[in-house]
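Participant: My questions concern the predicted model and sequence given below.
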Amino acid sequence: MSAAHANPIAALFRRLSRVAGIVVIFSIVGPLTTAALVSVTVTALGAAVLQMFLVFLELEALRALVSIAVVLLAIVTILASFLPAVVAGLIFALAAVYADLNMIWMAWLAAAMAAAGFVALGMFVVPSETSAVIVPSVRSAPEALKLSAMLAIVAVIPASLCWWLAKPLHRVILPA
């Protein structure tokens, strides 16, 4: 008789703890990686243009404001990507632990599904100006498809890193 059949409650808690661990990894590492990726991209693409403006317009005092703006962009990116990261982690964890779909493409698919859900939420929920809810404002289905595809492409790197860090949890083989 296997250990899972001998104590089904313990097996259930092991699976639930693996799911919770994967969701925690996705919800912490995902937003941090996304913020780093967006900050590096904005800094790399905007550094030359910003340097040109600072030199030509002699606005050296704005250098400190620019660094503060990059930090604020990273913080907002972390806040905006937290909910999709949790959803992607939950989708991947359930697929990995209960359906044995723990390949990297499943993490990418979970991230794409979470991004599409986030955009779809923005189509139907319009938060008030005083609300702290961060959702994209999407007005049409083609715009939603384009935004979902762009966010899914951006989410590939964070999803890959989360998949790699969660390997010990989704690769666990229970004794037969």
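Facilitator: Thanks, I have the structure now. Quantities reported herein were computed from a predicted structural model and do not represent experimental measurements.
Participant: what's the single longest helix in the chain?
Facilitator: helix 8-56 (DSSP state H).
Participant: how far is that helix from where the chain is centred?
Facilitator: Here the centre of helix 8-56 is set off from its chain's centre by 6 Å, with CA atoms, centre = their mean, to the nearest Å.
Participant: Now that helix: average pLDDT?
Facilitator: Mean per-residue pLDDT for helix 8-56: 87.
Participant: cool, and stretch 93-104?
Facilitator: 89.
Participant: Flag every buried residue along the helix or strand just after the longest helix of the chain.
Facilitator: Sequence order places helix 62-98 as the next helix or strand after helix 8-56, per DSSP states H and E. Neighbour counts using 16 or more other CB atoms under 10 Å place 66, 70, 74, 77-78, 80-97 of helix 62-98 among the buried residues. All C-beta spots, glycine's among them, are computed from the backbone N, C-alpha and C.
Participant: about what we covered before: so what secondary structure elements neighbour the longest helix of the chain?
Facilitator: Packing partners of helix 8-56 (3 or more CB pairs under 8 Å, 6 or more residues apart in numbering; DSSP states H and E): helix 3-6, helix 62-98, helix 141-154, helix 156-165, helix 167-170.
Participant: again, only this time at 7 Å
Facilitator: helix 62-98, helix 156-165, helix 167-170 (3 or more CB pairs under 7 Å, 6 or more residues apart in numbering; DSSP states H and E).
Participant: which residues are in contact with the last one?
Facilitator: This means helix 167-170. R18, G21, I22, A96, V97, N102 (CB atoms under 7 Å, 6 or more residues apart in numbering).
Participant: possible to save those as CSV with distance to K146?
Facilitator: Formatted as CSV, the contacts of helix 167-170 follow (distance: CB to CB, whole Å):
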residue, distance to K146
R18, 36
G21, 34
I22, 30
A96, 29
V97, 33
N102, 30
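Participant: Many thanks, I have nothing further to ask.
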